[in-house]
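Chemist: got a sequence here, can you model it:
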Amino acid sequence: MSKEANRPKIADLLQCGERDIEVTVKGWVRTKRGNKNVAFIALNDGTTINNIQVVVDVAGFDEELLKRVTTGSCLRVEGTLVESMGSGQPVEVQAREIEVYGSADPETYPLQKKGHTLEFLREIAHLRPRTNTFGAVLRIRHAMSYAIHKYFNDHGFFYLHTPLITGSDAEGAGAMFEVTTLDLNNLPRTDEGKVDYSQDFFGKQCNLTVSGQLEGETGAMALSKIYTFGPTFRAENSNTPRHLAEFWMIEPEMAFYELEDNMDLAEDFLKYLIRYALDNCADDLEFLNKMYDPELIERLRFVAENGFVRLDYTEGIDILSKSGMKFEFPVGWGLDLQSEHERYLVEQHFKKPVILINYPKEIKAFYMKMNADGRTVRAMDVLFPKIGEIIGGSERETDMGVLTGRMAEIGIPAEEMWWYLDLRRFGSAPHSGFGMGLERLLLFITGMANIRDVIPYPRTPKNAEF
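Modeler: Numbering: from 1, shown residues only. The predicted structure is shown next:
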């Protein structure tokens with residue numbers, strides 16, 4: 001391995017038990033302070049929320065060099081790791097040599113030492129990872145991505161790569177981004193005047209995927225347990241703190257799992273991820289708890305340590321109707337629950353996460369298994385405090401007649417879904433799955449209030465900067 005790869009990072013040095021050793025540290029200057037005799041530089045390389053203090057004997061360095069050491073500049077420092085004389089850090093580096101890799105003009109560098117609003121930081125999303133907040137969020141995002149893969153690998157799942165470009169609308173929602181190479185200023189037309197997609201790259205109308213689920217089912221019908229984890233795209237004109245046009249989805253699909261098994265998996269999976277964050281991201285979580293959400297760590301521990309309530313949709317509607325609460329959106333059997341309803345059940349009524357099951361078929365997707373009552377389907381939504389729905393899933397319909405009937409009801413052409421229907425023709429089996437948006441999970445784990453602040457470059461209506 002290269003010499004650079006073996007160089008201890010700042011996170012390692014702050015944990016290091018050794019003292020009076022020669023070290024090389026590299027990173028970006030957060031602050032510089034001092035007097036004519038000594039300068040103190042706070043250096044951060046992104047491996048930890050904590051800076052390492054570099055102590056500079058001003059007399060031993062070129063004055064012009066030290067002028068270039070400003071907030072935002074990038075340095076290499078050679079020196080000695082010693083016990084820190086001041087409070088706040090266990091060790092510090094006594095500088096012997098400083099190289100300025102890149103300077104940052106104090107007049108124009110936007111991240112000076114002061115508070116910045118999250119709205120302002122979205123305008124400089126290319127620089128915001130250098131702030132404490134976004135360093136913490138991005139490290140937690142990495143940890144959660146790793147933990148997701150580890151959980152499924154350790155539980156016998158296979159990672160399946162489903163297509164991002166697709167001819168099917170898995171949700172039947174219609175809010176999709178079209179993929180085309182046709183000249184939009186000179187579209188070819190059929191005799192009926194419609195766009196002639198036979199001349200397009202794929203020879204048919206295609207879109208960016210809203211879900212890998214349908215293709216995921218094909219994997220589960222051969223490999224038993226699979227999961228997808230990749231970007232998905234929704235062209236909904238939703239300017240809310242909970243919606244993105246591009247986000248990352250985790251979708252496990254399991255042969256031989258019925259609704260109860262699906263609920264067990266979802267609960268175990270979520271608790272595992274929360275425990276992983278508590279065990280592996282403690283410094284970052286403590287920072288976010290202090291700066292943004294004083295109940296964050298307590299809430300994470302509570303969810304990790306308590307069983308989830310399992311509740312029938314009909315009972316949930318009954319509880320909401322009798323609550324005496326004045327909701328913005330109406331409550332009634334057959335209506336979908338809004339975030340305010342979900343949060344009431346979780347935060348006020350049960351004071352625990354809730355898995356809501358058996359929804360009316362009209363408000364759920366065509367592929368969900370019909371219950372014997374003919375009115376409801378074996379759907380499940382996992383509802384969390386502060387954010388509402390974090391997971392949506394179901395047992396899948398395996399009866400060919402029921403499935404084709406549902407597709408006809410909502411206008412999905414059976415001939416376009418011939419391959420999906422083949423799963424019911426050839427060796428069908430009970431199977432279930434769910435979807436979880438990574439960014440929804442991160443909202444819960446980090447305590448951030450806006451989904452635009454848990455992804456490096458948010459894609460929202462009228463915004464595709466960077």
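Chemist: enumerate every residue touching the closest residue to residue 291 other than its chain neighbours.
Modeler: Computed as C-beta to C-beta, 6 or more residues apart in numbering, the closest residue to residue 291 that is not its neighbour in sequence is residue 133, at 6.9 Å. The C-beta positions use only the backbone N, C-alpha and C, and glycine is treated the same way. Counting by C-beta atoms under 8 Å, 6 or more residues apart in numbering, residue 133 touches 118, 121, 287-288, 291-292, 453.
Chemist: surely residue 338 meets residue 329?
Modeler: Yes - counting by C-beta atoms under 8 Å, residue 338 does reach residue 329; the two are 4.3 Å apart.
Chemist: low-confidence stretches in the protein?
Modeler: Low-confidence segments of the chain (pLDDT under 70): 169-174.
Chemist: one more pass at 80, please.
Modeler: Within the chain, the stretches with pLDDT under 80 are 86, 168-174.
Chemist: can you give me the helices for the chain?
Modeler: Using DSSP state H, the helices of the chain run over 3-6, 10-15, 63-67, 118-123, 132-154, 213-223, 259-280, 282-291, 296-305, 313-321, 339-343, 400-410, 418-425, 438-446.
Chemist: buried deepest among these, which one?
Modeler: The highest mean neighbour count among the helices of the chain, using mean count of other C-beta atoms under 10 Å, belongs to helix 438-446: a mean of 23.
Chemist: just how off-centre is it within its chain?
Modeler: How far helix 438-446 lies from its chain's middle: 6 Å, per C-alpha atoms, centre = their mean, to the nearest Å.
Chemist: run through who's touching it.
Modeler: 136-137, 140-141, 144-145, 148, 229, 242, 244, 247-250, 270, 273-274, 277, 285, 288, 292, 296, 300, 384-387, 389-390, 448-449, 451, 454-455.
Chemist: what's the answer for stretch 185-197, then?
Modeler: So stretch 185-197 is contacted by 182, 199, 203-205 (C-beta under 8 Å, 6+ apart).
Chemist: what's around residue 108, how many residues?
Modeler: 7 (other C-beta atoms under 10 Å).
Chemist: one more: residue 411?
Modeler: 8.
Chemist: of residue 338 and residue 329, who's got more company?
Modeler: residue 338 (16 against 11).
Chemist: OK, contacts around the more buried one?
Modeler: 327-329.
Chemist: next one: residue 85
Modeler: Neighbour list for residue 85: residue 92 [criterion: C-beta under 8 Å, 6+ apart].
Chemist: and it, how far is that from residue 23?
Modeler: 17 Å (C-beta to C-beta, to the nearest Å).
Chemist: show me which strand runs longest in the chain.
Modeler: Secondary structure of the chain per DSSP state E: the longest strand is strand 21-34.
Chemist: just how off-centre is stretch 177-194 within its chain?
Modeler: Distance, centroid of stretch 177-194 to centroid of chain: 35 Å (C-alpha atoms, centre = their mean).
Chemist: any idea how far apart the tips of that stretch sit?
Modeler: Stretch 177-194 has its terminal residues 18 Å apart, counting by C-alpha to C-alpha, to the nearest Å.
Chemist: check contacts around the closest residue to residue 147 other than its chain neighbours.
Modeler: In this structure, residue 147 finds its nearest non-sequential neighbour in residue 276, 4.1 Å apart by C-beta to C-beta, 6+ apart. If you count contacts by C-beta under 8 Å, 6+ apart, residue 276 has them with 143-144, 147.
Chemist: the same query, at a cut-off of 10 Å, please.
Modeler: 143-144, 146-148, 150-151, 304, 445 (C-beta atoms under 10 Å, 6 or more residues apart in numbering).
Chemist: quick one: it from residue 264, how far?
Modeler: Taking C-beta to C-beta, one finds residue 276 at 19 Å from residue 264.
Chemist: cool, and residue 464?
Modeler: Separation of residue 464 from residue 264 (C-beta to C-beta) stands at 40 Å.
Chemist: next one: residue 206
Modeler: Plainly put, residue 206 is 37 Å away from residue 264 if you go by C-beta to C-beta.
Chemist: max pairwise distance over the contacts of residue 276: which two?
Modeler: For the contacts of residue 276, the farthest-apart pair by C-beta to C-beta is 146 and 304; their separation is 17.8 Å.
Chemist: ok so, going back, export the longest strand of the chain to PDB, keeping only CA atoms.
Modeler: Extracted C-alpha coordinates of strand 21-34, given in PDB (Å, rounded to 0.1, in the frame of the first residue of the first chain):
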ATOM      1  CA  ILE A  21       6.200  11.100  17.700                       C
ATOM      2  CA  GLU A  22       6.800  12.700  14.300                       C
ATOM      3  CA  VAL A  23       3.700  13.100  12.200                       C
ATOM      4  CA  THR A  24       2.400  14.500   8.900                       C
ATOM      5  CA  VAL A  25      -1.100  16.000   8.900                       C
ATOM      6  CA  LYS A  26      -2.900  17.300   5.800                       C
ATOM      7  CA  GLY A  27      -6.200  19.100   5.700                       C
ATOM      8  CA  TRP A  28      -8.200  22.300   5.500                       C
ATOM      9  CA  VAL A  29      -7.900  25.300   7.900                       C
ATOM     10  CA  ARG A  30     -11.000  25.900   9.900                       C
ATOM     11  CA  THR A  31      -9.700  28.700  11.900                       C
ATOM     12  CA  LYS A  32      -6.400  30.500  12.700                       C
ATOM     13  CA  ARG A  33      -5.800  32.600  15.800                       C
ATOM     14  CA  GLY A  34      -2.900  33.800  17.900                       C
END
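Chemist: what residues does residue 35 make contact with?
Modeler: Counting by C-beta under 10 Å, 6+ apart, residue 35 makes contact with residue 58.
Chemist: beta-bridge partners for residue 395, please?
Modeler: With DSSP bridges applied, residue 395 shows beta-bridge pairing to residue 432.
Chemist: list the contacts of it.
Modeler: With C-beta under 10 Å, 6+ apart, residue 395 has these contacts: 257-262, 357, 367-371, 377-380, 430-433.
Chemist: quick check: residue 366 touching residue 412?
Modeler: Yes - here residue 366 reaches residue 412: they are 6.1 Å apart, a contact under C-beta atoms under 10 Å.
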